[in-house]
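fold the following.
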Amino acid sequence: MTDKRTQQDAENSNMAKDPDEWVTGDEPMTGAQRSYLKTLSEEAHESFDDNLTKAEASKRIEELQQKTGRGLAGTEGPSSKSR
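All right, here's what the predicted structure looks like:
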């Protein structure tokens with residue numbers, strides 16, 4: 001269970017910061033971003049660009065999450081839409 005302070009800290013963290021404002025946004029995407037983006041790209045039948053920056057990868061992940069339904073709060077993935 002998450003306490004209120006931890007929840008408030010998470011809500012006020014840089015997780016919500018626009019990728020264009022990230023100090024390290026122009027660095028190459030992380031290994032975790034690369035792996036997740038590759039998975040999402042395959043599921044969405046979209047091309048995978050291995051040369052994205054951290055900020056570009058973050059934006060692309062959000063786009064593909066919208067397309068696949070993966071990682072969205074309150075959903076169970078694409079199959080939940082057909083129920």
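
roughly how far does residue 57 sit from residue 21?
Counting by CB to CB, to the nearest Å, the gap between residue 57 and residue 21 amounts to 15 Å. In this view, the C-beta of every residue, glycine as well, is placed from N, C-alpha and C.

of these two, who's got more company?
residue 57 (23 against 9; other CB atoms under 10 Å).

pretty sure the more buried one contacts residue 29?
Yes - taking CB atoms under 8 Å as the definition, residue 57 is a contact partner of residue 29 at 3.7 Å.

helix or strand with the lowest mean pLDDT in this protein?
Within the chain, no helix or strand scores below helix 4-11, which has a mean of 64 by mean pLDDT, DSSP states H and E.

what about dumping the CA coordinates of the next helix or strand after that one to PDB?
Counting by DSSP states H and E, the element after helix 4-11 in chain order, helix or strand, is helix 31-44. Taking Å, rounded to 0.1, in the frame of the first residue of the first chain, the C-alpha atoms of helix 31-44 are listed here in PDB:
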ATOM      1  CA  GLY A  31      17.800   0.200 -22.700                       C
ATOM      2  CA  ALA A  32      14.500   0.000 -21.000                       C
ATOM      3  CA  GLN A  33      12.900   2.400 -23.500                       C
ATOM      4  CA  ARG A  34      14.500   0.500 -26.400                       C
ATOM      5  CA  SER A  35      13.100  -2.800 -25.200                       C
ATOM      6  CA  TYR A  36       9.600  -1.500 -24.400                       C
ATOM      7  CA  LEU A  37       9.500   0.500 -27.700                       C
ATOM      8  CA  LYS A  38      10.500  -2.600 -29.700                       C
ATOM      9  CA  THR A  39       7.700  -4.600 -28.100                       C
ATOM     10  CA  LEU A  40       5.100  -1.900 -28.600                       C
ATOM     11  CA  SER A  41       6.200  -1.400 -32.200                       C
ATOM     12  CA  GLU A  42       5.800  -5.100 -32.900                       C
ATOM     13  CA  GLU A  43       2.400  -5.200 -31.300                       C
ATOM     14  CA  ALA A  44       1.200  -2.100 -33.200                       C
END
